[in-house]
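**Q** Sharing a model prediction with you, sequence too.
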Amino acid sequence: MCRHHRVLTVAAVALAACTQPRDVASPVVTADAVAGDASYEMIDLGTLLPNNPAAGSEAYGINDRGQVMGWSSINPTDGYARAHPHAFLWDGGVMQDYGSPSPTSSGQLFVFGNINASGAFVGTFYASQVRAALWVDGAVRDLGTLGGPSARAAAINNRGQVVGTSALATEGEHAFLWENGVMSDLGTLGGRDSRALEINQGGQVAGYAQDAAGAWHAFLWEQGVMQDLGAGGNLPGSAALNDPGDVAGSSLATGASGFFWSHGALQDLGTVSGGNPLRLNNRGQVVGNDYPSGAFIWAGGVRTDLGHLPGGDISQAWAINNRGQVVGTSNVAPNEIGKPHQFHAFVWENGQMLDLGTFAPPPGERPVQSLATAINEQGDVVGWAEVHSEVPHAVLWRRRGGGPLARAATRD
């Protein structure tokens, strides 16, 4: 049976009070991308400090309404564009400040999960404490813990259910499901620890848990029952879950194989780099990475190398949509010790990898880089591109000719 823990409302109120509203009208600025494919346009979403050239921003999620989430610096210090980050929601040309749980900490780091259909998003903030956060309706909310000092939020569905991992009052950490202010302990497979990593629209949860012998096994949790999927090892790893209930995963162990589980049948994905999470769409297509060969897509037992952009020799996949479009980054020249790397965002579709490009570097500066982090069902892509050395801006790439985001940018 799940244990229920009410969220500490005092903490939630205190965190909401830290939010300083800062809504910035971000007129859509279309830039000519260096080496970018002509079929895509690149749009600079700007920052929460549009008049400060030292401020940076990065985008990490986009929903089918065209709402974009990520972070923006609100007080870059010592030339560090990522200092004092606040979460943002960009919608219809306006970047809204969603605040920070620790506005005085310059070393704070966000690790975001995903954004749902209504524009709510989750993640983990790292400052003086490690806490699970929900950003919704213009504010940030601390989701509390299962009694311990820390928690991490991994994913949210369209119902507003959130999953993640929390430290316990005693030793260890457990997977949790948070809903309507209540955090529920999902338990383990008989061992000490567990971690929840994904939730689908039906409320199924995927993650890893230890068995009685201490081994980590992938699980699928549904309506109070945690099912051992029979895959795992000495270390936990990534887990991806789609709406039909399929699970893909990999271990953090070097040289470990990934797996695809569907309705009791387990298939081997081949070697997967454990430090890079797998992604899975509703068609059962899996994307992942295998160093040093790079990004791959797996479907129906067949694994295909996505290749790399011209001039490069490695790629990394970050996301896939239900149309099978994959986004990520690839170098455009071999990495050399002592020389700046040159990575460009890409979209892969119909067997072809397209260079989404980056901004033109200022005169005398090193080549700037870009990365695509997420894609929605319309094929709109978000990520970031450097405007000059070490200063990224959140970016949206879309097919020329417009689409949902073109309309959103001109809404009243």
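**A** Yes, it's here.
**Q** Could you list the low-pLDDT ranges of the stretch 51-200 of the chain?
**A** The stretch 51-200 of the chain contains residues with pLDDT under 70 at 78-79, 101-107.
**Q** Show me the helices in it, by range?
**A** All residues of the stretch 51-200 of the chain lie outside helices when identified by DSSP state H, counting those that start in this stretch.
**Q** show me where it has strands.
**A** When secondary structure is read from DSSP state E, counting those that start in this stretch, the stretch 51-200 of the chain shows strands at 57-62, 68-73, 85-91, 94-99, 109-115, 121-126, 130-136, 139-142, 147-156, 162-168, 173-179, 182-185, 190-199.
**Q** Of the ones you listed, which stretch is the most buried?
**A** When you average the neighbours per residue for each of these (mean count of other CB atoms under 10 Å), strand 68-73 leads with a mean of 28. For glycine as for every other residue, the C-beta is placed from the backbone atoms N, C-alpha and C.
**Q** helices or strands up against that one?
**A** Contacts of strand 68-73 with other secondary structure elements, assessed using 3 or more CB pairs under 8 Å, 6 or more residues apart in numbering; DSSP states H and E, are made with strand 57-62, strand 85-91, strand 94-99, strand 109-115, strand 381-388, strand 391-399.
**Q** go again using 6 Å as the cut-off
**A** strand 57-62, strand 85-91 (3 or more CB pairs under 6 Å, 6 or more residues apart in numbering; DSSP states H and E).
**Q** The ones you listed into a markdown table, with extra columns for distance to G249?
**A** Shown next, in a markdown table, are those (distance: least, CB to CB, whole Å):
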| stretch | distance to G249 |
| --- | --- |
| strand 57-62 | 21 |
| strand 85-91 | 28 |
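**Q** sorry, back to before: ok, which of the strands of the stretch 51-200 of the chain comes nearest A374?
**A** With distances scored as CB to CB, the stretch of the strands of the stretch 51-200 of the chain nearest to A374 is strand 57-62 (5.0 Å).
**Q** what residues are up against G113?
**A** Taking CB atoms under 6 Å, 6 or more residues apart in numbering, we find G113 in contact with 122-123, 153-155.
**Q** quick check, nearest of the residues you listed to N51?
**A** Closest approach between these and N51, by CB to CB: G123, at 27.4 Å.
**Q** List the contacts of that closest one.
**A** Under the criterion of CB under 6 Å, 6+ apart, the contact partners of G123 comprise 110-113, 133, 153.
**Q** Repeat that for A215.
**A** Contact partners of A215, counting by CB under 6 Å, 6+ apart, are absent.
**Q** what about G160, how many residues close to it?
**A** When counting by other CB atoms under 10 Å, one arrives at 15 neighbours for G160.
**Q** Could you check how far F88 is from P361?
**A** F88 sits 25 Å away from P361 when distances are taken as CB to CB, to the nearest Å.
**Q** Nearest to G66 among the contacts of G123?
**A** Proximity of these to G66 was ranked by CB to CB; the top entry is F112 with 17.4 Å.
**Q** how close does the residue lying closest to A175 once chain neighbours are set aside get to N242?
**A** The spatially closest residue to A175, leaving aside those adjacent along the chain, is A196, at 3.5 Å (CB to CB, 6 or more residues apart in numbering). Shown here: A196 relative to N242, a distance of 16 Å by CB to CB.
**Q** S273 too?
**A** Going from S273 to N242 by CB to CB gives 21 Å.
**Q** same thing with Q223?
**A** Q223 sits 18 Å away from N242, going by CB to CB.
**Q** Looking at those two, which has the bigger crowd around it?
**A** Between Q223 and N242, counted using other CB under 10 Å, N242 has the larger neighbour count: 23 against 7.
**Q** Spit out the contact partners of the more buried one.
**A** 280, 282.
**Q** can you do 7 Å?
**A** Shown here is N242, whose contacts under the criterion CB atoms under 7 Å, 6 or more residues apart in numbering are 200, 280-282.
**Q** For it, give its distance to I62.
**A** Plainly put, N242 is 18 Å away from I62 if you go by CB to CB.
**Q** returning to what we had before: looking at the contacts of G113, which two lie furthest apart in space?
**A** Between all members of the contacts of G113, the farthest pair (by CB to CB) comes out as G123 and A155, at 9.7 Å.
**Q** ok so, going back, got CSV for the strands of the stretch 51-200 of the chain, with distance to E349 too?
**A** CSV is the format used below for the strands of the stretch 51-200 of the chain (distance: least, CB to CB, whole Å):
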stretch, distance to E349
strand 57-62, 17
strand 68-73, 21
strand 85-91, 24
strand 94-99, 28
strand 109-115, 21
strand 121-126, 26
strand 130-136, 30
strand 139-142, 35
strand 147-156, 25
strand 162-168, 30
strand 173-179, 35
strand 182-185, 40
strand 190-199, 24
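**Q** just so I know, which of the ones you listed lies nearest A248?
**A** Shortest distance between A248 and the strands of the stretch 51-200 of the chain, using CB to CB, is found for strand 190-199: 9.7 Å.
**Q** packing partners for that closest one?
**A** The helices and strands touching strand 190-199, judged by 3 or more CB pairs under 7 Å, 6 or more residues apart in numbering; DSSP states H and E, are strand 147-156, strand 162-168, strand 173-179, strand 205-211, strand 237-241.
**Q** residue ranges with poor pLDDT in the stretch 301-412 of the chain?
**A** Within the stretch 301-412 of the chain, the stretches falling below the threshold (pLDDT under 70) are 338-340, 402-412.
**Q** all helices of it, in order?
**A** Assigned by DSSP H, counting those that start in this stretch, the helices in the stretch 301-412 of the chain fall at 404-409.
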